[in-house]
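A.B. asks: 3D model of this:
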Amino acid sequence: MVNFPQQICNWINGQEIPSQKGAWFTKLNPCNGQILSQVARSQAEDVAIAVEVARKQQVAWSEIPPVKRGEILHDLVLGLKARQEEIAQIVAAETGKSYASALGETQGAIALGLFYASEGQRLYGRTTTSAVPHKHALTVRQPLGVAGLIIAANTPIANVAWKVFPALICGNTAVLKAAEDTPITAWIFGQIAQAAGLPPGVLNIIQGYGEEAGAPLVAHPDIDVISFTGSTAVGRKIQAVAGPSLKRISLELGGKNPLVVCDDADLDNAVKWTVLSAFSNAGQRCAAGSRIIIFESIYDQFRDLLLEKTKQLKVGPKDSDDLGPVINNRQLQQMLSAIATAKAKGAKILIGGDRLTDSEHKDGYYLAPTLLENISPEAEISQTELFGPIAILYSVSDFNSALALANNSPYGLTASIHTKNLHRAIRFCEKVQAGVAVVNGGTYGSEPHMPFGGFKQSGNGTREPGTEALDVYSELKDIYINIDPNFV
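C.D. replies: Below you'll find the model as predicted:
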């Protein structure tokens, strides 16, 4: 295992600083419940210091030309690449996922950082024509100021990169509230940023609980933009607090994502992607496939294939395992409660449904991969994101019924259809109410250069990453230049 401090502090103005009150909380390893570290339990006063530092440094950072800012961020990317194995070890220890999965996630974060570092050379405005003679019209991008960034723990290094790089390339400084379940990942990112030459105070990292550190960040009057990834419930609170001050707000929230299997689908491929969508990362993806909608003519056949594949899954933290634990005991208990409630109302548990209590798993937060059926689309468990390795099977008669059921959700983040019919595929992509539609693949997956976000309660309409994220972190200014040819 890689070495890291037993006390994880905040990064403020390039320095590691404990909370002002000297309070700490304990981070546990989800694989075995053992203590990984003590973490600074920050409060409003810590947030205020970090925001003040970020505000003081913002003008100097914004005046560095975007190309030069990109070069600095490129050095940060190189620092991440040089220490990617170390980062992956920390991600694996904090989340319980395998090292191989953590390394893949780290490499994805590096690719995203490289994309945004390059945007310093492409921070485009536009020039256009005017209806007025001798008048020139153009637009330029300018930074907002100080960005408040709040992330989830499911893919921690990717989530840090997802927000930090576009915020900084646009000329903002930032205060990142680390996920309390993955504090060490944020800490090592801050360490690498300082070693790479990022000016002190440009990126400040606050540790702590959402109610104690995240809420003051959202409410702080000197924060100009809030970007949040997490639950819809918390997103609503952020909107209510930050909205009246007219802060820019970007919310990437939950999902209850449908995966449709048509009667002409390649069933082996559909099973493969259903298992990956439902259970990879222990189902802890906002884009996880949790509603599996199957044509009734192939329902029994597909269910049997899916059950057989699910039975073969290995649960644990090793590279040879398919999924690890959920992030903490509270999350585990919420899932067990939801399953018990559904069962009491008539749901059939096809497989799983229990905590793993054998000698290998008893000390960790392991939920057996779970498949349910005989559940109404209107039931609470059908309409609520669980964020774990749980999927529900539904039977439908035809394509129109499948599409209607796919759209029967308060969420609209991602969706997938498995079919060989081009007409069905295109119609599904046109009509499904989701920010991401996939044909013959999984419900998850986001590339750095593509926008990600959802409809309905899955977000507020913003998109990150891709160049669309630049709209979150910058202002667009119109410039009009009038000339008089008589003075030429």
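A.B. asks: how about the helices in the stretch 201-350 of the chain?
C.D. replies: 215-219, 232-242, 267-279, 299-311, 329-344 (DSSP state H, counting those that start in this stretch).
A.B. asks: Make CSV out of these and add distance to residue 125 and mean pLDDT.
C.D. replies: In short, each C-beta sits where N, CA and C put it, glycine included. Output for these, formatted as CSV (distance: least, Cβ to Cβ, whole Å; pLDDT from 0 to 100):
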stretch, distance to residue 125, mean pLDDT
helix 215-219, 30, 97
helix 232-242, 27, 96
helix 267-279, 39, 98
helix 299-311, 50, 98
helix 329-344, 44, 97
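A.B. asks: Residue 175: which of the ones you listed is closest?
C.D. replies: With Cβ to Cβ as the measure, helix 215-219 is the member of these nearest residue 175 (6.1 Å).
A.B. asks: ok so, going back, just put the helices of the stretch 201-350 of the chain in JSON lines and tack on distance to residue 356 and mean neighbour count.
C.D. replies: Converted to JSON lines, those look like this (distance: least, Cβ to Cβ, whole Å; neighbours: other Cβ atoms under 10 Å):
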{"stretch": "helix 215-219", "distance to residue 356": "35", "mean neighbour count": "22"}
{"stretch": "helix 232-242", "distance to residue 356": "28", "mean neighbour count": "17"}
{"stretch": "helix 267-279", "distance to residue 356": "14", "mean neighbour count": "21"}
{"stretch": "helix 299-311", "distance to residue 356": "14", "mean neighbour count": "16"}
{"stretch": "helix 329-344", "distance to residue 356": "10", "mean neighbour count": "16"}
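A.B. asks: To residue 352, which of those helices lies closest?
C.D. replies: Smallest distance to residue 352 across those (Cβ to Cβ): 7.6 Å, for helix 299-311.
A.B. asks: If I take that closest one and helix 267-279, what angle do their directions form?
C.D. replies: Taking axes from the mean of the first three to the mean of the last three Cα atoms, to 10 degrees, one finds helix 299-311 and helix 267-279 inclined to each other by 60 degrees.
A.B. asks: Just name whatever secondary elements helix 299-311 is in contact with.
C.D. replies: Judged by 3 or more Cβ pairs under 8 Å, 6 or more residues apart in numbering; DSSP states H and E, helix 299-311 is in contact with helix 267-279, strand 289-295, strand 348-351, strand 370-373, strand 390-396.
A.B. asks: Make a markdown table from the ones you listed and add distance to residue 133 to it.
C.D. replies: Compiled in a markdown table, those are given as follows (distance: least, Cβ to Cβ, whole Å):
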| stretch | distance to residue 133 |
| --- | --- |
| helix 267-279 | 58 |
| strand 289-295 | 58 |
| strand 348-351 | 73 |
| strand 370-373 | 69 |
| strand 390-396 | 62 |
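A.B. asks: measure the residue lying closest to residue 439 once chain neighbours are set aside to residue 416 for me?
C.D. replies: Distance criterion Cβ to Cβ, 6 or more residues apart in numbering; nearest residue to residue 439, sequence neighbours excluded, is residue 425 at 4.6 Å. For residue 425, the distance to residue 416 (Cβ to Cβ, to the nearest Å) stands at 10 Å.
A.B. asks: Need the overlap of contacts for the two.
C.D. replies: With contacts taken as Cβ atoms under 8 Å, 6 or more residues apart in numbering, residue 425 and residue 416 have 439-440 as neighbours in common.
A.B. asks: Looking only at neighbour counts, state which of these two leads.
C.D. replies: Between residue 425 and residue 416, residue 416 has the larger neighbour count (other Cβ atoms under 10 Å), namely 31 against 18.
A.B. asks: The more buried one reaches residue 258, doesn't it?
C.D. replies: Yes: contact criterion Cβ atoms under 8 Å: residue 416 and residue 258 qualify, at 7.4 Å.
A.B. asks: any shared contact partners between those two?
C.D. replies: With Cβ under 8 Å, 6+ apart, residue 416 and residue 258 have common neighbours 289, 443.
A.B. asks: So, low pLDDT: which residues of the chain?
C.D. replies: Residues of the chain meeting the criterion pLDDT under 70: 1.
A.B. asks: Apply 50 and report the result again.
C.D. replies: Residues of the chain meeting the criterion pLDDT under 50: none.
A.B. asks: partner residues bridging residue 138?
C.D. replies: On the basis of DSSP bridges, residue 138 is bridged to residue 127, residue 479.
A.B. asks: What's the separation between it and residue 481?
C.D. replies: For residue 138 relative to residue 481 (Cβ to Cβ), the value is 8 Å.
A.B. asks: Those two - which one has more neighbours?
C.D. replies: More crowded of residue 138 and residue 481, by other Cβ under 10 Å: residue 138, with 14 against 10.
A.B. asks: The more buried one touches residue 128, doesn't it?
C.D. replies: Yes: with contact defined as Cβ under 8 Å, residue 138 reaches residue 128; the gap is 7.1 Å.
A.B. asks: ok, now how distant is residue 338 from residue 347?
C.D. replies: Using Cβ to Cβ, residue 338 is found at 10 Å from residue 347.
A.B. asks: ok, now residue 33?
C.D. replies: Taking Cβ to Cβ, one finds residue 33 at 29 Å from residue 347.
A.B. asks: and those two? which has more neighbours close in?
C.D. replies: More crowded of residue 33 and residue 347, by other Cβ under 10 Å: residue 347, with 21 against 14.
A.B. asks: Looks like the more buried one contacts residue 370 (just checking).
C.D. replies: No: at 10.5 Å, residue 347 does not count as touching residue 370 under the criterion of Cβ under 8 Å.
A.B. asks: Identify the contacts common to those two.
C.D. replies: residue 339.
A.B. asks: Strands along the stretch 351-488 of the chain, start to end?
C.D. replies: Assigned by DSSP state E, counting those that start in this stretch, the strands in the stretch 351-488 of the chain fall at 370-373, 390-396, 411-412, 414-418, 436-439, 455-456, 474-482.
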